[in-house]
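Enquirer: Compute the structure for the input listed below.
(chains A and B)
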Amino acid sequence: MRLTHWAVGFCVVAMVMAAVPYGHAIPAFSRQYGTSCSTCHVDFPKLNDFGKAFKDAGFKFPKDDETFLKVPPVMLGAPAQREMWPHTIFPGSIPGLPAIGLRFNTFFQVYGRNRNNFRPPDSTDPTIPRTDFQPGLFSIFTAGNFGSGIAFWADEDFSVGGSQADGGLGDGYLKFHNIGRLLKLPNDSLNLRIGQFEIDLPFSPARSWNLSGWDIYDEANFGALNGANPQNVNNSFAFSSPGQGLEISGGHQYKGYHYSLAVINQNTSGNTAAADNISPAVGLFSDSNFKDLYGRFQYRFNLERDPASRNEIQAAGATGPRDHTYLQLGTFYFYGRSVQRATGDTGVLVAREPFYRTGGDFSFNYHSLNLFGLYMYGHDKNLLPNAENTGFVSGVPAHFNGGFLEADYLFYPWLMGIMRYDRVQSTADFINGQSGESTNYFSPAGSTRNRITPGIQFLIHANIKASFEYQFRPPQRVFDSEGNPASSPFRTNQAVAGLEWVY
Amino acid sequence: MNRSIVLVLMTVLTFTLAASAGSISGKVSGVSGESVVYVDTIQGKTFPAPAEHLLIDQKGLLFQPHINVVLVGTTVDFLNSDKVAHNVFWPSLMQGTKKLPGKNLGTWPTGEKRPYKFDQPGVAALLCNVHPEMAGYVVVVPTPYFATTDKSGSYKIENVPDGQYNVVAWHEGAKTQSKPVAVAGDTKADFTLSK
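Expert: I've put the predicted structure just below:
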């Protein structure tokens, strides 16, 4: 059993990190437009239909944006200068106020009574506490529009879990909206985004409103080279990590079709720029020649009978506008190649292992109820060193599958109930658990991770939220390298309460 | 001949009434911004509502004008000039400390208006259930003797017949105040409101 106190410490930190989703509401927009967070958010950072349209339009009101701005933008050239181009710089604008928002959250956690069965009885490692207070993240973010349909976004976590070292850049990009107009394509059918960004996932983990992230998005594929069914995969890619690259997209999130195609760095190791890869200009982020590819397509059917209401950004309800009743169906596919290098008997051996992630998703909304889910299948080619250690032979692929199903119900505009089911089933997790390699407190042995997570969230104000969730997990057990139980069964149930504010 | 007599009588009557009508003027202090001052219900007297509708526009995520004073029975047209969906409702109609039921007018497209007749006195705080920062007021008054203050807080209600009245001062977010005022020609009445 190799459960050092470092491993336990890592697990606890990882647990806390897992309980701290990266979400961003935009108070900067509130200031510019003099409007409440709830104009765009149901329960921040969850977007309502108007918020989706605002984002689709490049962080602008979809129509007549200038009439809503309470702080006029600073013109970087008179609009009439356009006629002079190319003999002048094309006129743009910057927000009249620095478009800056701040966010902070903090947590209180309670763990199950038999949590310390995770460790062997004779362990002297630090205990996993029954209760724990945790600082979450403190972030700054800025976003807006520079005119000509050019939107910007950058967010930076000053600290995560109280540690500046764990902070860093979230997303940072420029997005050129509606460039299809230059090619006479239909409106909003072609946008270009460049920088570091979360790929266009059906439900954004970076902007999740849940206290804990969706497990499947955090699933990487690390298979150990031991046990009866060895794996040689070391792929740190997970959907929750931002990528660097470019993306084209089009359509709308609030009606009809939406697509995106992205090319981003392959980064097998999960590390950012290595020290010896720093050039005078910028560092090197990828550790592979290959660039990963991602594609997504979704279609949303707004289900109102009245065509006029169906095609509006929000439906016309009897007592006011509301989000549409809709059914959204989508699919996604990610293709990459992880790289591993090892010293063989004839020199350096390089294993380039193609991998893919694919799946489907749905979202159904009816008045105050939003039911949605996602299924994903992950597959990594498994190249095992041959007996002579001179090359590789194909092993059984390392694969996983799982997803989540979630229901959000808005009892009041300030009170949302949540019920979630998360599931991850991974061959790599199974091998690691059977071989005693796992240091994951939440799934030390199991090939399957299930959890049911009821939760509730209160908006104290539109920008202050109190959240609570309880994570029910099945019993877990640690096994030794022979596959014998090395611990009593235990549950990793966890209660988390969070408070956060943005402004 | 008969017509001439009627005209003469009407002229005499008009001058007589004008001679006995004064004004109430003064200052509302303790608050900043627009206040409403009006003569409260006069026992035994009713006043016909104007035929013209008042227009309140939802524009730029604002109710414009922000504060509106209408005589009981006046119809207000609510217009949505924004290219976003709006709604108009008021949770209650406040008559002093008494709460009467409010009204939700629903939602309607850009450029269209929806009329509503205010047939009871009171204060309706207009809200939009999509944009919670939006607010406006309709102060429904029982007499045509009302005025709003200027930036300095000064007001003047013209053509108030001489007599004994209750005069009310209302300001957004402040405690409403009323006081008896004996109007005889040009009369002064100052108010100091507090939140």
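
Enquirer: Show me the residue sitting in the middle of chain B in space.
Expert: B:V69 (2.3 Å; C-alpha atoms, centre = their mean).

Enquirer: now A:P91, nearest residue through space, not along the chain?
Expert: In this structure, A:P91 finds its nearest non-sequential neighbour in A:G77, 3.0 Å apart by C-beta to C-beta, 6 or more residues apart in numbering or on different chains. To be clear about C-beta, it is placed using only N, CA and C from the backbone, and glycine gets the same treatment.

Enquirer: quick one: average pLDDT of stretch A:94-103?
Expert: When pLDDT is averaged along stretch A:94-103, the result is 90.

Enquirer: Can you give me the end-to-end span of it?
Expert: End-to-end distance for stretch A:94-103, by C-alpha to C-alpha, to the nearest Å: 23 Å.

Enquirer: What residues sit buried inside that stretch?
Expert: A:94-96, A:99-101, A:103 (16 or more other C-beta atoms under 10 Å in any protein chain shown).

Enquirer: Strands - which of the residues you listed land there?
Expert: Mapping the buried residues of stretch A:94-103 onto strands (DSSP state E) picks out A:94, A:100-101, A:103.

Enquirer: do you know how far the residue sitting nearest the centre point of chain A is from chain B?
Expert: Closest residue to the average C-alpha location of chain A: A:P205 at 2.7 Å, with C-alpha atoms, centre = their mean. Counting by C-beta to the nearest C-beta, to the nearest Å, the gap from A:P205 to chain B is 28 Å.

Enquirer: hmm, who's touching whatever helix or strand the residue nearest to the centre of chain B lives in?
Expert: Using DSSP states H and E, the element containing B:V69 is strand B:67-71. Residues outside strand B:67-71 that contact it (C-beta atoms under 8 Å, 6 or more residues apart in numbering or on different chains) are B:34, B:36, B:38, B:47, B:49-50, B:54, B:56, B:76, B:118, B:136-144, B:146, B:148, B:172.

Enquirer: Mind jotting down where the helices sit in the chain?
Expert: No chain was given, so I picked chain A. A:5-18, A:27-33, A:49-56, A:307-311, A:427-434 (DSSP state H).

Enquirer: nope, chain B please
Expert: Going by DSSP H, chain B shows helices at B:2-20.

Enquirer: Break it down into its structural domains.
Expert: Following automatic domain parsing, one finds the domains of chain B at B:22-45+B:147-195, B:48-141.

Enquirer: Over to the shortest one now: how far is its first residue from its last?
Expert: The reference is to domain B:22-45+B:147-195. One end of domain B:22-45+B:147-195 sits 31 Å from the other (C-alpha to C-alpha).

Enquirer: ok, back up a step: please put the alpha-carbon coordinates of the strand holding B:V69 into CSV.
Expert: Taking C-alpha atoms only, strand B:67-71 is exported to CSV below (Å, rounded to 0.1, in the frame of the first residue of the first chain):
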residue,chain,number,x,y,z
ILE,B,67,-43.0,59.3,-12.0
ASN,B,68,-46.5,59.8,-13.4
VAL,B,69,-49.5,61.5,-11.8
VAL,B,70,-52.9,60.8,-13.1
LEU,B,71,-56.5,61.6,-12.0
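
Enquirer: what lines up beside it in the sheet?
Expert: Strand B:67-71 sits in its sheet next to strand B:135-141 (parallel), going by DSSP bridges.

Enquirer: my guess is B:L55 contacts B:Y116, does it?
Expert: No. Between B:L55 and B:Y116 there is no contact under C-beta atoms under 8 Å: 12.0 Å.

Enquirer: The stretch 51-200 of chain A against chain B: which residues are in contact?
Expert: A:61-64, A:67-68, A:70 (C-beta under 8 Å from any C-beta of the partner chain).

Enquirer: Tell me the one of those residues nearest A:L371?
Expert: Within those, the smallest distance to A:L371 is 26.4 Å, found for A:P62 (C-beta to C-beta).

Enquirer: Can I get stretch A:450-460 in PDB? Just the C-alpha atoms.
Expert: The C-alpha coordinates for stretch A:450-460 follow below in PDB (Å, rounded to 0.1, in the frame of the first residue of the first chain):
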ATOM      1  CA  ASN A 450     -21.700   6.900  -9.000                       C
ATOM      2  CA  ARG A 451     -23.100   9.700  -7.100                       C
ATOM      3  CA  ILE A 452     -26.400  11.300  -6.500                       C
ATOM      4  CA  THR A 453     -26.300  14.900  -5.500                       C
ATOM      5  CA  PRO A 454     -29.300  16.800  -4.400                       C
ATOM      6  CA  GLY A 455     -28.700  20.500  -3.900                       C
ATOM      7  CA  ILE A 456     -30.400  23.800  -3.300                       C
ATOM      8  CA  GLN A 457     -29.300  27.300  -4.100                       C
ATOM      9  CA  PHE A 458     -30.500  30.600  -2.700                       C
ATOM     10  CA  LEU A 459     -29.900  34.000  -4.300                       C
ATOM     11  CA  ILE A 460     -29.600  36.300  -1.300                       C
END
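
Enquirer: what does it rub up against?
Expert: By C-beta under 8 Å, 6+ apart, stretch A:450-460 touches A:43-44, A:209-212, A:215, A:413-423, A:465-474.

Enquirer: Emit the PyMOL select command for whichever of those residues are buried.
Expert: The buried residues among those can be selected in PyMOL (16+ other C-beta under 10 Å) with this line:
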select buried, chain A and resi 43+44+209+210+211+212+215+416+418+420+422+423+465+467+468+469+470+471+473
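
Enquirer: mind listing what residue 157 touches?
Expert: Going with chain A. A:22, A:137-139, A:166-168, A:170.

Enquirer: um, chain B though
Expert: For B:I157, the contacting residues are B:23-25, B:37-39, B:145-147, by C-beta under 8 Å, 6+ apart.

Enquirer: do that again at 7 Å, thanks
Expert: With contacts defined as C-beta atoms under 7 Å, 6 or more residues apart in numbering or on different chains, B:I157 is in contact with B:23-24, B:37, B:39, B:145-147.
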